[in-house]
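>>> sequence and predicted structure, then a few things I'm wondering about:
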Amino acid sequence: MADINRVVISGRLTRDPELRNTAGGTSVLGFGVAVNDRRRNQQTGQWEDYANFIDCTMFGARAESLSHILSKGMLVCVEGRLRWSSWERDGQKRSKIEVIVDELVLPSRSQGGSDYQGAPAGNGGYAQAPSSHSGGYAAPQGGSMPPAQQPPMDQTYDEEIPF
C-alpha cells in the first residue's frame with residue numbers, strides 16, 4: 001500500500017501572509033492558520049476549545065496573487081501535504097511540520113446568510129472574499145474552471161473560532 005500524505009484544514013489566518021521570492025524567482029507565501037480542537041475538561045465536564053496553530057506555505061503565481069487578498073482573521077480552507085523540516089540555529093536543533101498548500105478556498109456567506117459558497121484558488125482562480133474595507137475581491141476564474149459546489153456550512157462554526 002502506498003503512503004498517503006494529504007491534509008485538509010479550515011480555520012482563520014493568524015497573521016497577514018508574508019510574500020518572498022527564492023533566488024530563482026519563485027514566489028513563496030507563508031501564513032498561519034488557527035484550527036480549534038474541542039475537548040472535554042475532566043474537572044469541570046465542560047467542552048473547551050484549544051487552538052492549534054498551523055504554518056502553511058504556498059509556491060508560485062497563485063501565492064503571489066493571493067498575497068494581495070489574504071489578511072489576518074480571514075476564514076480559509078486549505079488542502080495540501082505535510083512537510084517536516086529540521087535545521088540548527090545557535091547550536092540548537094529545531095524542527096517543524098508545515099502544510100505545503102496545493103489548493104486554497106476562500107469561503108464566503110451569500111446574501112441569504114446560511115449558504116456556503118467558495119471556489120478553489122487553484123489553477124489561477126479564486127473566489128470572492130469578505131472584507132471590512134471594501135465589498136470584497138473578485139478575480140477572473142481563468143475561463144476554464146467552473147464554480148465549485150460546497151456543502152452547507154454549520155451556523156455555529158464561526159462562534160467556535162476564538163478570533
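Noted; the coordinates are in hand. Numbers count the residues shown, from 1 in each chain.
>>> what about the longest helix in the protein?
Longest helix in the chain, counting residues (DSSP state H): helix 61-67.
>>> from start to finish, how long is stretch 56-67 in a straight line?
Start and end residues of stretch 56-67 are separated by 13 Å (Cα to Cα, to the nearest Å).
>>> what does the average pLDDT come to for stretch 88-108?
Averaged across stretch 88-108, pLDDT comes to 92.
>>> now stretch 9-22
95.
>>> tell me which helix or strand of this structure sits lowest on mean pLDDT?
strand 116-117 (a mean of 42; mean pLDDT, DSSP states H and E).
>>> helices of the protein, start to end?
If you assign secondary structure with DSSP H, the helices in the chain sit at 61-67, 157-160.
>>> hey, least reliable of those helices by pLDDT?
helix 157-160 (a mean of 49).
>>> what segments of the chain are strands?
Applying DSSP state E to the chain gives strands spanning 7-13, 18-21, 27-40, 47-59, 75-89, 92-105, 108-109, 116-117.
>>> for residue 1, which of these is the nearest?
strand 75-89 (17.3 Å; Cβ to Cβ). Any C-beta I mention is one placed from the backbone N, CA and C, and that applies to glycine too.
>>> nice, that's everything, thank you.
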